[in-house]
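Novice: the following block contains a protein sequence and its predicted model.
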Amino acid sequence: MLALGLGIAGAYVAGAVLAALLSLSNGGSAWAPMHLALAGAGTVAIGAFMPHFAITLAGTRPGPPWERLVAIGLLAGGVAIVIAGVLVLRGGWALAGALLVIGGLGLVARHTFAPLRDPLARRHPVVTATYGVALLEFAAGVLLGGLATAGLPWIADNWAWLRPAHAWLTLFGAMSVTIFGTLVYLAPTVLGARIRASRALVVAATGILAGPLVAALGFTLHADGLASAGMAVAAVGAIGQVGYVADVVRRRGRYTSEHDWRRVAVAHLVAGTGWFAAALIVALALAAADVTAARSLAGWSIGPLVIPLVAGWMLQELVGSWTHLVPSVTPGDAARHAAQRRLLAILSRSRLAAWNLGIAAAWVGIVLAWPPLAALGAGLIGAAVLLSVILLGRALVARG
C-alpha cells in the first residue's frame, strides 16, 4: 500500500514540476503546480503514510487493505477531478472532487484511529493530537475550496478573506501539522537517536497546532490582529521544531555504511524545517508591516512564500521520508532493499545542493523581481525534484 501511495505521489510531484516550468515559461498562474504538489502529492502521501505510522507506533494490526486502497483512490481521484474541474470542466466538478477527497480523508481517519481502541495499543499523545487536528483542518480547507468553486455568494463576496483562511487550514495547517507529527518520530529514527521529549518539542507542538487555527479564524472573522497573532504563534512553533530537530541531530548515532543514502534522507528532513521556519518568519514580518501601516490583510497571499513552503518544506520532507521508508517498509528481501538504497542515493550531494541552492535563488529572484535568477533557481529545483522522482520509480520496481 505504501509503494502504491508513493508511486501516485511521485507522479503528482512530477506533474507539479512540469506544470511549474510551463507556468514560468508563459507567465501563467501558479495555482495548478501548487495544487498538484500540495493537494495531489501531499494528500495521497498522507493517505498512505498516516495510517502506517499510527499503526506502527500503536503496535496494532492494520485494517482491511481494500479499505486503504479505496481511501488512496478517493484522494488521488478526487484531487484529479478538482484540478480538472477548475481548469477544464467547470460546473460542479471541482466540488464533486472535493467531496471525494473528504470521503477519502474519512477513511484515512478510520484507519488511523480505529486501531487505537485496542486496549493493548501503545499511546502517543503528540502524534494522536497532530493527526486528528490535521485531518479536521484538511476536511475544512478542502470543503471551503470546493464551495468556492461552486460560486456560493457568501464565499465569493468574502473570498479575499477566505482564500488565506483556506491556505492556513491546508498548507500551514493540515500539511505542516502532519509533517511535524511524523517528524517527531521519523527524525530520531533516521538519525539513530533516542526519541525524547523536550521544551523545544512542547513549543513546536503548541505553535504548529494552534497557530494556523488562530490565523484561519482571524481571516474568517476579518480580524487582522487575530490573524497576525496566529502567524506569530505558528512562527514560534516552527522555530521550536528547528530546535527539536537540531537536538536530534546533536544526539545522532554513528553509522559506518551507506552514507550517501542516509545523507539524502537526513539532509532533506533537516533542511525542510529550516525553510518552513524562514517562510513563517517572513510571513509574520510582512503581516506585521501591513498591520503597522494600517493596511488590511484582506487578499493576503502566500505569493513568494510558495518556493520555501512547497519546494523547501513540503517536497523536501516528502522526498526525505520516502528515501528512508522505501527500503525500510516495502516488500522484498535484503538484496532488493540494498538495491533500493543504492538507487535512492545516486548523486546525493549534487541533488541536495541543486535543490537548496535553487530554492534560495528562486526565492531571491522572485522577491527582487529578477527573472533570470528566478528561472535559474526554478530550473535547479525542477531538475533535482524530477531526478528524485525518477529514482523513486526505479526503486519501487527494483529487484535484488
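Specialist: Looks like it arrived, so ask away. Predicted model, so just to flag it, every value in this text is computed and none were measured.
Novice: C-alpha from now on. contacts and neighbour counts both.
Specialist: Fine.
Novice: which stretches of the chain aren't confidently modelled?
Specialist: Along the chain, segments meeting pLDDT under 70 span 1, 28, 120-121, 400.
Novice: for it, which residue occupies the most central location?
Specialist: Met314 (3.7 Å; CA atoms, centre = their mean).
Novice: helix, strand or coil for it?
Specialist: Recorded secondary structure, Met314: helix (DSSP: H, G, I helix; E, B strand; the rest coil).
Novice: next: Pro119.
Specialist: coil.
Novice: please tell me how far the nearest residue to Ala140 once chain neighbours are set aside sits from Pro119.
Specialist: Leaving out its chain neighbours, the residue that sits closest to Ala140 by CA to CA, 6 or more residues apart in numbering is Leu169, at 7.3 Å. From Leu169 across to Pro119, the span is 33 Å (CA to CA, to the nearest Å).
Novice: and the residue nearest to Ala140, what is it in contact with?
Specialist: Glu137, Phe138, Ala140, Gly141, Pro212, Leu213, Ala216 (CA atoms under 8 Å, 6 or more residues apart in numbering).
Novice: 10 Å instead?
Specialist: By CA atoms under 10 Å, 6 or more residues apart in numbering, the residues touching Leu169 are 134, 136-142, 144, 163, 175-177, 212-217.
Novice: in ChimeraX, how would I select just the buried ones from the residues you listed?
Specialist: To isolate the buried members of those in ChimeraX, using 16 or more other CA atoms under 10 Å:
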select :134,136,137,138,139,140,141,142,144,163,175,176,177,212,213,214,215,216,217
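Novice: just the ones of the contacts of Leu169 in helices?
Specialist: 134, 136-142, 144, 163, 176-177, 212-217 (DSSP state H).
Novice: check contacts around the residue nearest to the centre of the chain.
Specialist: Contacts of Met314 (CA under 10 Å, 6+ apart): 37-38, 41-42, 171, 175-176, 179, 269, 272-273, 275-276, 308.
Novice: any chance of those residues in JSON lines, plus distance to Tyr255 and secondary structure?
Specialist: JSON lines is the format used below for the contacts of Met314 (distance: CA to CA, whole Å; DSSP: H, G, I helix; E, B strand; the rest coil):
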{"residue": "Ala37", "distance to Tyr255": "33", "secondary structure": "helix"}
{"residue": "Leu38", "distance to Tyr255": "33", "secondary structure": "helix"}
{"residue": "Ala41", "distance to Tyr255": "31", "secondary structure": "helix"}
{"residue": "Gly42", "distance to Tyr255": "30", "secondary structure": "helix"}
{"residue": "Leu171", "distance to Tyr255": "34", "secondary structure": "helix"}
{"residue": "Met175", "distance to Tyr255": "31", "secondary structure": "helix"}
{"residue": "Ser176", "distance to Tyr255": "29", "secondary structure": "helix"}
{"residue": "Ile179", "distance to Tyr255": "25", "secondary structure": "helix"}
{"residue": "Leu269", "distance to Tyr255": "17", "secondary structure": "helix"}
{"residue": "Gly272", "distance to Tyr255": "22", "secondary structure": "helix"}
{"residue": "Thr273", "distance to Tyr255": "23", "secondary structure": "helix"}
{"residue": "Trp275", "distance to Tyr255": "26", "secondary structure": "helix"}
{"residue": "Phe276", "distance to Tyr255": "28", "secondary structure": "helix"}
{"residue": "Pro308", "distance to Tyr255": "30", "secondary structure": "helix"}
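Novice: residues near the residue nearest to Arg123 when sequence neighbours are not counted, how many?
Specialist: Counting by CA to CA, 6+ apart, Ala58 is the residue found nearest to Arg123 once chain neighbours are left out, at 6.3 Å. Other residues near Ala58 number 20, with proximity taken as other CA atoms under 10 Å.
Novice: and if you look at Ala156?
Specialist: With other CA under 10 Å as criterion, Ala156 counts 16.
Novice: what about it, distance to Val142?
Specialist: With CA to CA as the criterion, Ala156 and Val142 are 16 Å apart.
Novice: Asp224 now?
Specialist: In terms of CA to CA, Asp224 sits 23 Å off from Val142.
Novice: what does Phe172 give?
Specialist: 13 Å.
Novice: cool, and Gly27?
Specialist: For Gly27 relative to Val142 (CA to CA), the value is 27 Å.
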